[in-house]
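# I need the structure of the sequence given here:
(chains A and B, ligands or ions: 3)
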Amino acid sequence: MANVVRLFDPKQLEGHPEKFFRQAYIWELPVRLTHWVTGISIIVLFLTGLYIGHPILAPAGEPANHFVMGRVREVHFAAALIFIVSFLFRIYWFWVGNNYARSGFPYIWRAAWWREVVGEVIEYLKLRRGRAYLGHNALGGASYTFFIVLLGWFEIFTGLALYSEVNPGGPLDRLFGWVIPLIGGSYKTHMYHHLVAWAFPVFVLMHVYVVLYDAVTLGNGLVGSMISGHKFYQREDVQDDK
Amino acid sequence: MNKPFSPASTYDVLRQHGIDRRDFLQFCITTAAAMGLDAAMVPQVVSAMETKPRIPVIWLHGLECTCCSESFIRSSHPIAQDIVLNMISLDYDDTLQAAAGFQVEEIRQKLIKEHPGGYLLAVEGNAPTADGGVYCTVGGNTFLNVLMETAEHAKAIIAWGSCASNGCVQAARPNPTGAKPIHELISGKPIINVPGCPPIAEVMTGVLTYILTFDELPELDRIGRPKMFYGQRIHDKCYRRAFFDAGQFVEAWDDEGARKGWCLYKMGCRGPTTYNSCSNMKWNGGVSFPIGSGHGCIGCSEANFWDNGPFYQRLSSVVVPGIEATPDKIGAVLGVATAIGVGAHLTATVAHRLSRKPITDKDQPTADKTEQE
Ligand code: HEM
Ligand code: SF4
Ligand code: SF4
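Ligands and ions are numbered 1, 2, ... in the order given. Down below sits the predicted model:
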């Protein structure tokens, strides 16, 4: 069997698709919406953030006629606000959405969860298809929790703390100002905000690749499911879903 | 030095030194303005100076370079040298004092005994704590002991400069002597941090004037700094800020932008991350400040500023266990490593797929079970 890869072959569908696939509505509108809004705002945040750290355009003439750095910062802050709203709304939907909105939750205190994650890693390394889930699989859930939720919170807290510096003693300062001495000063906060920013392109690369890989190997319409909300599944797959 | 324990007010002492009332009032007004006090408060400052007995002060020097004292005695006001040295009753200062040796230590002991809870302790420098504090000794005693002993009965503690308030160079990594700022060594006493290497002279006199006038410490921020002098970043009051927002940056010390006075952000200016009064009060009586002379701020009043070097780079190294590099270097390596990983997996998958046996209808579902074992 060693050489058999369970890649989905569309030819199997010919004539009798219902034998293989059922369809289910998995991702509700808020999930799909926050997914794309979060994704786009992260890309904007990363690019404008890198620019803030290393501005390269150098307009000539009087400063009064230009607002390049200022504009990039404005875009960063606007994208940050959108990111935060979308992020918080997704957390809210975690509680009120359907069961799939809660899928992928990292049960780090359960041995079974770890076995699941390690098992999936091994399957990917062996070039097999990932396990099919209707919601998120455990490995996917682990990566979203770490990269988006945990590091997202980090960027939000450090970002809002840095943002609060323009109005010392203001409401944002009172809420988030404590982050700065905790990290060891304003400069260090900039550096770690900047460092952690790089986790996002790392995540996007892996995420897009694994989604495409699964979409091809499982043939379950994974990419389209984040647009339409519908996933296709085989009857056996559902047994994997917890 | 004045006679110890002089009950006279600041004004009395100034008059004895031949300073006229006009100069005295001028000093009160400038200082009140620097503290951000309403003009209506000036009479209160004047009356405090005139009537309140000066506060006895013990001024200790630990691990430090004396730049704070140097700054302090160079206050900008024409008669400031007299004023600052007379504003407080500086009863013990081992650097400025005429007496020496055991005599000096006796004075300190006597002061503590005679004014328990009544004197201010001003600390310049910090205390090394490694190996029992042996890396700084005064009269055969470790500075750590001297500090603790003197702090015990102090009314409040002023931590002068970056050494005392956040560690400065001697606490920079790897901090071989275990130097610690005052607030990490002493608890249960009001402590005011006046960072800077050194702090601006007018900031120092401002702090003292406030304490003298209102008999309490000024409003402090989260990390114990007086808000009136450390409430805002250099960057938010910098006259080059328009160039920052426009995106016009100096790229080399002798380029066109440098000549035109553009923003020094890309030359490593720490103004955006530094809380101090340099960009509004300036130095040496308002003559200039580093950015005014075309050099970026090095962030001397911020904690760990020595560890945030190189000073001429916008992004310095960050330390994550085992690695020390700029965030962009670490990030780019992670990004490239991920891309290589993804590329390798993709290549392997394609190669594998090309060499696989064709899947038939029959083995599709059942193959699952066998393969997962
Ligand atoms: C995925 C999320 C984010 C990424 C990837 C990101 C990335 C970055 C990067 C790389 C920088 C440059 C840091 C430097 O060199 O000083 C930066 C600066 C900054 N970011 Fe973010 N950021 C994110 C989220 C946020 C959020 C949620 C806020 C909240 C308001 C925020 C506020 C700021 C501020 C205030 C600065 C400093 C701007 C300046 O110094 O002028 N960021 N960001
Ligand atoms: S010179 Fe420094 S403090 Fe002034 S605007 Fe530029 S970065 Fe900010
Ligand atoms: S400009 Fe910056 S480095 Fe220079 S004295 Fe002020 S705070 Fe210190």
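# any idea how far residue B:61 is from residue B:206?
Counting by Cβ to Cβ, to the nearest Å, the separation of residue B:206 from residue B:61 is 22 Å. (C-beta placed from N, C-alpha, C; glycine too.)
# that should have said residue A:128, apologies.
Taking Cβ to Cβ as the measure, residue A:128 falls 70 Å from residue B:61.
# got it, and residue A:143?
55 Å.
# the more surrounded of these two?
Just comparing residue A:143 and residue B:61: by other Cβ atoms under 10 Å in any protein chain shown the higher neighbour count belongs to residue B:61, 24 against 19.
# check contacts around the more buried one.
Applying Cβ atoms under 8 Å, 6 or more residues apart in numbering or on different chains to residue B:61 gives the contacts B:69, B:93-95, B:124-125.
# how about residue B:253?
Neighbouring residues of residue B:253 by Cβ under 8 Å, 6+ apart: B:267, B:294.
# that one sits in which helix or strand?
Under DSSP states H and E, no helix or strand contains residue B:253.
# which residue is the nearest non-sequential neighbour of residue B:244?
Using Cβ to Cβ, 6 or more residues apart in numbering or on different chains and skipping residues adjacent in sequence, the residue nearest residue B:244 is residue B:263, 4.1 Å away.
# who does that neighbour form a beta bridge with?
Note on residue B:263: beta-bridge partners residue B:249, judged by DSSP bridges.
# hmm, it is touching residue B:249, no?
Yes. Counting by Cβ atoms under 8 Å, residue B:249 is a contact partner of residue B:263 at 5.3 Å.
# what about residue B:128, how many neighbours?
25.
# just residue A:164 next, same as before
By the measure other Cβ under 10 Å, the count of residues near residue A:164 is 20.
# need the contact list for residue A:58.
Residue A:58 is in contact with B:247-249, B:251, B:257, counting by Cβ under 8 Å, 6+ apart.
# which phi and psi values does it adopt?
With angles defined as degrees, to the nearest 10, residue A:58 shows backbone torsions of phi -130, psi 90.
# again with residue B:56
phi -70, psi 140.
# skipping its backbone neighbours, what lies nearest it in space?
residue B:119 (4.3 Å).
# what sits against residue B:299?
A:187, B:270, B:273-274, B:305, B:308.
# could you rerun that using 6 Å?
By Cβ atoms under 6 Å, 6 or more residues apart in numbering or on different chains, residue B:299 lies in contact with B:270, B:274, B:305.
# mind giving me the packing neighbours of the lengthiest helix in chain B?
Identified as the longest helix of chain B according to DSSP state H is helix B:327-354. Other elements packing on helix B:327-354 under the criterion 3 or more Cβ pairs under 6 Å, 6 or more residues apart in numbering or on different chains; DSSP states H and E are helix A:186-197, helix A:199-218.
# could you check the helix or strand containing residue A:78 against ligand 2 for contacts?
Using DSSP H and E, residue A:78 sits within helix A:68-96. No. Helix A:68-96 does not reach ligand 2 (Cβ under 6 Å from any ligand atom); its nearest approach is 9.7 Å.
# strands of the stretch 201-350 of chain B, residue ranges please.
Secondary structure of the stretch 201-350 of chain B, counting by DSSP state E, counting those that start in this stretch: strands at B:318-320, B:323-325.
# I'd like these as a markdown table, with distance to ligand 1 and mean pLDDT appended.
Listed next are the strands of the stretch 201-350 of chain B as a markdown table, based on distance: least, Cβ to the nearest ligand atom, whole Å; pLDDT from 0 to 100:
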| stretch | distance to ligand 1 | mean pLDDT |
| --- | --- | --- |
| strand B:318-320 | 11 | 80 |
| strand B:323-325 | 14 | 84 |
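# can you redo those as TSV with mean neighbour count?
Output for these, formatted as TSV (neighbours: other Cβ atoms under 10 Å in any protein chain shown):
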stretch	mean neighbour count
strand B:318-320	14
strand B:323-325	14
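# need these in TSV (columns: distance to residue A:120).
TSV is the format used below for the strands of the stretch 201-350 of chain B (distance: least, Cβ to Cβ, whole Å):
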stretch	distance to residue A:120
strand B:318-320	27
strand B:323-325	28
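# where in chain A is pLDDT low?
Along chain A, segments meeting pLDDT under 70 span A:1-13, A:15-20, A:130-131, A:235-242.
# centroid-nearest residue for it?
The geometric centre of chain A, computed from its C-alpha atoms, lies nearest to residue A:148 (Cα atoms, centre = their mean), at 4.8 Å.
# for residue B:190, list the residues it contacts.
Contact partners of residue B:190, counting by Cβ under 6 Å, 6+ apart, are B:156, B:217.
# in JSON lines: the helices and strands packed on helix B:327-354, plus distance to ligand 2.
Listed next are the helices and strands packed on helix B:327-354 as JSON lines, based on distance: least, Cβ to the nearest ligand atom, whole Å:
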{"stretch": "helix A:186-197", "distance to ligand 2": "12"}
{"stretch": "helix A:199-218", "distance to ligand 2": "26"}
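# deepest-packed of the ones you listed, please.
Highest mean neighbour count among the helices and strands packed on helix B:327-354 (mean count of other Cβ atoms under 10 Å in any protein chain shown): helix A:186-197, with a mean of 22.
# check the residue of the stretch 1-150 of chain B found nearest chain A and give its pLDDT.
For the stretch 1-150 of chain B and chain A, the shortest gap (Cβ to the nearest Cβ) falls at residue B:36, measuring 12.7 Å. On the pLDDT scale, residue B:36 is placed at 77.
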